[in-house]
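Novice: Sharing a model that was predicted from the sequence below.
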Amino acid sequence: MGLLDIKNVSKRFGGLKALSDVNLSIAEGTVHAIIGPNGAGKSTLLNVLVGKLIPDTGSVMFDGQSVLGRAPHEINQMGISRVFQTPEIFGDLSVLENVLIPCFARRDGPFRMHAFETVTNETEMVEMAEQMLGDVHMLEKRKMQASALSRGDKRRLEMAMCLVQQPKLLLLDEPTAGMARADTNNTIDLLKEIKATRPITMAIIEHDMHVVFSLAERITVLAQGTPLVEDIPAKIKGHPKVMEAYLGTAEV
Amino acid sequence: MFGLTKKDTLLLIVVAILTMAAPFLLNPFPSGSAMAQFNAGYPDLMQRFVIYGLFAIGFNLLFGLTGYLSFGHAAFLGVGSYSAVWMFKLLSMNVIPAIILSVIVAALFSLLIGFISLRRSGIYFSILTLAFAQMSFNLAYSVLTPITNGETGLQITLDDPRILGVSRTESGGIPVTNLFGAEMRSTYEMHVGSWLFQFNTGYYLCAVLMLLGFYLSIRIFRSPFGMMLRAVKSNQNRLRYTGLNTKPYTLAAFVISGMYAGLAGGLLACMDPLAGAERMQWTASGEVVLMTILGGAGTLLGPVLGAGFIKYFENIFSKINDTILHQWFSALPDGLEDAMVFLVHPFIGKGWSLTLGITFMLVVIFLPGGLIEGGQRIGRLFRRRTAKPAPDSAPSSTPAE
Ligand SMILES: Nc1ncnc2c1ncn2[C@@H]1O[C@H](COP(=O)(O)OP(=O)(O)O)[C@@H](O)[C@H]1O
Ligand SMILES: [Mg+2]
């Protein structure tokens, strides 16, 4: 039994089978990459995991509990955080506030009427958020409005927002999509650092094979909504089935 | 002080001083002078300033923080007024129970309307709130006539079965609203030279409650709760995936702002124990939207400024008529005088809404941050002249006052 167990999950959009009979298990403490050509169903799978979509069949167990039918905030409170394909941050708020919100969410749960406390007096929360910003090398930008950040910084901020919750499982949907090479390498380093400093399980969806082979400990190849193979990176490289799925993308 | 930062304390103190000194500040022109018509320091108008200020402060907690634009807040104002008048009729002419009941009833009513309307967001939310308010307005005129007294409006009469107090005074009149004996209508007049300053009990009661409401709004703005509300406006999706349930946050904001509206409605009735359904009409809901945006939505002081601005100019513009216009332009040659009067005529008197509409359009287009942004721009202009621009102009999201 892994930390996350996906069993026989299928999802149709009209006539299109986005996921068909997916079985996947992610072991605690691993970095598990899910790769596959465009339209393979990677994002759909992630949406099922965070409660954005409900699958037509199958079950998803996380840490011994089913996540199906739960609202996104409940799933997050169970310990799953998600980084989106395009960074989802609070653009109108300051960088520090962006990280403070998940701190409060972790401490106070999904709702608390803390209307008579003052944010700046919550030293424990502020310290926690600043520490996290330091970890992602953004402390000096804490007073900036988040929407003014560069794309790379937004992604980094979003990761900080997820990590500060100390999730059991971190889901990353193409964390380096649209990034320049230097930013991509920074992100790889950051993720390696994160992995080295805390007990975290990660599921990464990625297009960039450089990223995948730098980080992943296990790889599942998804094609047309079904897992083709699952193995360690060394065995995925040059696997005939994978070559076939990626027909033309000789990078693998 | 009071759990506020130095800057916020200063803001609160300045607002407190201005409100307390309003009878002086708003009467700068000697009575009898030509400029006296621009004075605003009389009880009725000053009461409206602070009551509508309170209404707008509460509205801003919903709209300014969460971005949910309610077009039905006048319903809570109206409900507050009706509750207060019923309290006067049945219990006592003391304003305290009336105020308490108006806030409680508005809270329950907004809980119901908010619970349903908040199932949708954006324009659908706005339309739902508008529909509910218009429904209340129509009900007040029809089915609910026994409670609202229909078109006549709910009033105090000579044979109200008042439990604590008398139905009529010894002289046979209708008792007046009071705070433990201090009559709301009583006004102390102070003559200084040719100036007349009026200190009205009702105004000071409203002013104190407005300051209390303002203080609470600062606390909410600076609280984790307020931060979550701003996060709702910024990115609800992210908030959900951060483990927060947005529904109770928005509902709490809706109910709080409904309570402010109920308090404002209750106070209107305390100043003048009369409640009519027109107080719930969509135009009244629209007015508080205008006040908030005109002053600066999402800022602390903006709504109060917007309310003051609109109520002041409404009063001035409605009073001006053609005779006064002719006086103003009398220095011009005859033909030109008539032309000027002809041009200005549509904007005065009943044309006030036209002026308001145009002002609002100009503000939204050129000053989307409202009067507050205008003030900040002027401030920056002066600072730039005296000193070189400061390097730390990085925008901070802490809402400005
Ligand atoms: N909400 C949706 N409605 C209809 N079709 C969808 C929806 N989301 C995804 N799809 C389709 O499902 C397939 C898988 O999409 P997706 O999971 O986004 O692929 P990937 O992330 O692997 O590129 C695609 O063919 C896509 O067009
Ligand atoms: Mg995708």
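Specialist: Noted; the coordinates are in hand. What you see is a predicted model; the values in this text were computed from it and never measured. Ligands and ions are numbered 1, 2, ... in the order given.
Novice: Show me the shaky parts of chain B.
Specialist: Low-confidence segments of chain B (pLDDT under 70): B:1, B:387-401.
Novice: An error on my part: the question was meant for chain A.
Specialist: Across chain A (using pLDDT under 70), the flagged ranges come out as A:246-252.
Novice: hey, where'd the strands end up in the stretch 101-250 of chain A?
Specialist: Here the stretch 101-250 of chain A has its strands, by DSSP state E, counting those that start in this stretch, at A:169-173, A:201-205, A:218-223, A:226-231.
Novice: which element is the residue nearest to residue A:224 when sequence neighbours are not counted on?
Specialist: Leaving aside its sequence neighbours, residue A:224 sits nearest to residue A:40 (C-beta to C-beta, 6 or more residues apart in numbering or on different chains; 6.5 Å). For the C-beta atoms, the positions are set from N, CA and C on the backbone; glycine is no exception. Taking DSSP states H and E as the definition, one finds residue A:40 inside no helix or strand.
Novice: who's in contact with residue A:40?
Specialist: Applying C-beta atoms under 8 Å, 6 or more residues apart in numbering or on different chains, we find residue A:40 in contact with A:222-225.
Novice: Now do the phi/psi pair for it.
Specialist: phi -70, psi -20 (degrees, to the nearest 10).
Novice: Contact partners for residue B:297?
Specialist: Counted by C-beta under 8 Å, 6+ apart, residue B:297 has contacts B:60, B:63-64, B:303, B:370.
Novice: Taking these, tell me the two that lie furthest apart.
Specialist: Pairwise distances across those (C-beta to C-beta) peak at 12.1 Å, for the pair B:63 and B:370.
Novice: For stretch B:138-150, buried residues please.
Specialist: Under the neighbour-count criterion of 16 or more other C-beta atoms under 10 Å in any protein chain shown, stretch B:138-150 has B:140-141, B:148-149 buried.
Novice: Start and end of that stretch, how far apart?
Specialist: One end of stretch B:138-150 sits 10 Å from the other (C-alpha to C-alpha, to the nearest Å).
Novice: quick one: the helices in chain A?
Specialist: Assigned by DSSP state H, chain A shows helices spanning A:42-49, A:72-78, A:95-108, A:123-135, A:151-163, A:181-197, A:209-215, A:233-236, A:240-245.
Novice: Need the residues that contact the fifth one.
Specialist: What that stands for is helix A:151-163. Contacts for helix A:151-163 (C-beta under 8 Å, 6+ apart): A:81-84, A:87-89, A:95, A:98-99, A:101-102, A:132-133, A:135-138, A:141, A:146, A:149, A:170, A:172, A:175, A:178-180, A:183, A:186-187, A:190-191, A:194, A:198, A:200, B:238, B:242.
Novice: neighbours of residue B:24, just the number please.
Specialist: Using other C-beta atoms under 10 Å in any protein chain shown, residue B:24 has 14 other residues around it.
Novice: whoops, I mixed them up, residue B:158
Specialist: Using other C-beta under 10 Å, residue B:158 has 11 other residues around it.
Novice: before we move on, what about residue B:380?
Specialist: Residue B:380: 13 neighbours (other C-beta under 10 Å).
Novice: So what does it have for phi and psi?
Specialist: With angles defined as degrees, to the nearest 10, residue B:380 sits at phi -60, psi -40.
Novice: contacting residues for residue B:279?
Specialist: Taking C-beta under 8 Å, 6+ apart, we find residue B:279 in contact with B:74, B:77-78, B:81, B:265, B:268.
Novice: From what I see, residue B:3 and residue A:115 are in contact.
Specialist: No: look at residue B:3 against residue A:115 with C-beta atoms under 8 Å: they stay out of range, at 11.6 Å.
Novice: and for the two, which residues touch both?
Specialist: What both residue B:3 and residue A:115 touch, as defined by C-beta under 8 Å, 6+ apart, is the set residue B:219.
Novice: Compare these two and say which is more crowded by neighbours.
Specialist: residue A:115 (20 against 15).
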